[in-house]
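# Show me how the following folds:
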Amino acid sequence: MNHKYQRIGVIGAGAWGTALALTAKRAGRDVVLWAREHEVVASIARENRNSLFLPDVALDPPIVATADLAQACRADAILLVPPAQHLRATCVAIKAHLPAKVPVVICAKGIEVGTCALMTAIVEETLPGHQALILSGPTFAKDVAMGLPTAVTLATTHAELGRSIAEALKTKTFRPYVSADPVGVEVGGAAKNVLAIGCGISDGKGLGANARAALLTRGLAEIVRLAVACGGRAETLMGLAGLGDLVLTATSMQSRNYSLGVALGQGQTLDQILGARRAVTEGVTTAAAVVKLAGQKGIEMPICTAMDRILTHNAAIDAELRGLMERPLRDELDR
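All right, here's what the predicted structure looks like:
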């Protein structure tokens, strides 16, 4: 099958990178998956399985894995799937290997700690001349890898490019919707991880379904507030990359952020939880960046602020929850 974006390089072989590589392969693309861990490359070559990050899913059809960045970057389009806080270093590492004007699809969800930069801003700074797109939405890597029905948002200000990349990645069970609002999409993908931890804490402490519904709804209001302040559109957050991703991430134990919150609510310490995990839980580091960015924009995000105090400053969970309930009353639609 001829296609403008026939060769796809996937940079990052965690669970999500592996699932996206498998999806692109199912879509008929020629795929090379780059892994930092040599044991992942060996496992995929030997067992057709990522035994480190996605052990329960056979990679069918098979995909090619490599530890050679240059090999993975010889592509018509690149999917960037590192942890959010490693995106800048990853871009610097691949810069010398990327052919001119190859588009870069960012599949990481977060805001850079320290700079408060969104993911697209990092790519624009480090990879000038390469169009940056954002792929986000309600996705558990294992479900995508198993071929279960999934819909995502692919955001870019270049409509024709977005449609072409969406066509290159679509399968019978993976459906990308194109958006013209990268800022709204990436703010939604980053902030929902912080709020998912809060919902997990609430459930871990047994505070009930009413409390979780309130956190979801008021949390969504916070995401909208931040996205609009950054130049995004409120309506974007009513879609897959906002409401859809928040509901998925904040209600299921498959979510690393929600499950971390549940463990915190049940009395485990953050160090205990993170010490038992290999995969990154993005909301832990994103909390401080979200709150700092909100401060720069002059907006209130009380739930995210409470999460930052718990995660970054070791504040007492009960005191933070009590503080949220005791805030002055306000009109629901105030922004």
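
# number of nearby residues for the residue lying closest to residue 12 once chain neighbours are set aside?
Spatial nearest neighbour of residue 12, excluding adjacent residues (Cβ to Cβ, 6 or more residues apart in numbering): residue 81 at 3.5 Å. Every residue, glycine included, has its C-beta placed from N, CA and C. By the criterion of other Cβ atoms under 10 Å, residue 81 has 27 neighbours.

# pLDDT at residue 81, what is it?
pLDDT recorded at residue 81 is 98.

# for it, what are its contacts?
Going by Cβ atoms under 8 Å, 6 or more residues apart in numbering, residue 81 touches 10-14, 16-17, 20, 107-108.

# what's the most distant pair in those residues?
Using Cβ to Cβ, these reach their maximum pairwise distance at 13 and 108, which is 13.5 Å.

# neighbour count winner among these two?
Taking other Cβ under 10 Å, residue 13 and residue 108 do not tie; residue 13 has more neighbours (30 against 26).

# quick one: contacts for the nearest residue to the more buried one once chain neighbours are set aside?
Using Cβ to Cβ, 6+ apart and skipping the chain neighbours, the partner closest in space to residue 13 is residue 35 (3.5 Å). Residue 35 makes contact with 12-13, 41, 44, 65-67, according to Cβ under 8 Å, 6+ apart.

# out of the residues you listed, which are buried?
12-13, 41, 44, 65-66 (16 or more other Cβ atoms under 10 Å).

# now those residues as a markdown table including distance to residue 329 and pLDDT?
Listed next are the buried ones among the contacts of residue 35 as a markdown table, based on distance: Cβ to Cβ, whole Å; pLDDT from 0 to 100:
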| residue | distance to residue 329 | pLDDT |
| --- | --- | --- |
| 12 | 45 | 98 |
| 13 | 49 | 97 |
| 41 | 57 | 97 |
| 44 | 55 | 97 |
| 65 | 55 | 97 |
| 66 | 57 | 98 |
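
# Can you flag which of those residues belong to helices?
Using DSSP state H, 41, 44 are the members of the buried ones among the contacts of residue 35 that sit in helices.

# The buried ones among the contacts of residue 35 into TSV, with extra columns for distance to residue 127?
Shown next, in TSV, are these (distance: Cβ to Cβ, whole Å):
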residue	distance to residue 127
12	15
13	20
41	24
44	26
65	23
66	20
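
# for the buried ones among the contacts of residue 35, which one is nearest residue 176?
residue 12 (18.7 Å).

# Isn't the closest one up against residue 84?
No - assessed by Cβ atoms under 8 Å, residue 12 is found out of contact with residue 84, at 11.0 Å.

# quick check, residue 285 in a strand?
No - under DSSP: H, G, I helix; E, B strand; the rest coil, residue 285 falls outside any strand and is assigned helix.

# pretty sure it contacts residue 114?
No - under the contact definition of Cβ under 8 Å, residue 285 does not touch residue 114, with a separation of 10.4 Å.

# if you count what's nearby, which of those two comes out ahead?
Taking neighbours as other Cβ under 10 Å, residue 285 and residue 114 compare with residue 285 leading, 20 against 9.

# show me the contacts for that one.
84-85, 110, 113.

# One more pass at 10 Å, please.
For residue 285, the contacting residues are 83-85, 110-113, 193-194, 311-312, by Cβ atoms under 10 Å, 6 or more residues apart in numbering.

# Residue 217 now?
243, 246, 332.

# Same check on residue 156?
103, 105, 120, 131-135, 162-163, 165-166, 178-182, 185.

# about what we covered before: looking at the buried ones among the contacts of residue 35, which is nearest residue 219?
Distances from residue 219 to the buried ones among the contacts of residue 35, taken by Cβ to Cβ, are shortest for residue 12, at 27.5 Å.

# isn't that closest one right next to residue 80, touching?
Yes - using Cβ atoms under 10 Å, residue 12 makes contact with residue 80 at a distance of 6.9 Å.

# where do the contact lists of the two overlap?
Between them, residue 12 and residue 80 share the contacting residues 87, 90, 107-108, judged by Cβ under 10 Å, 6+ apart.

# so of the residues you listed, which ones are in helices?
Checked against DSSP H, these include these in helices: 87, 90.

# Mind putting the shared contacts of residue 12 and residue 80 into CSV with distance to residue 54?
Output for the shared contacts of residue 12 and residue 80, formatted as CSV (distance: Cβ to Cβ, whole Å):
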residue, distance to residue 54
87, 21
90, 20
107, 15
108, 17
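
# closest to residue 49 among the shared contacts of residue 12 and residue 80?
Closest to residue 49, out of all of the shared contacts of residue 12 and residue 80 and judged by Cβ to Cβ, is residue 107, at 20.8 Å.
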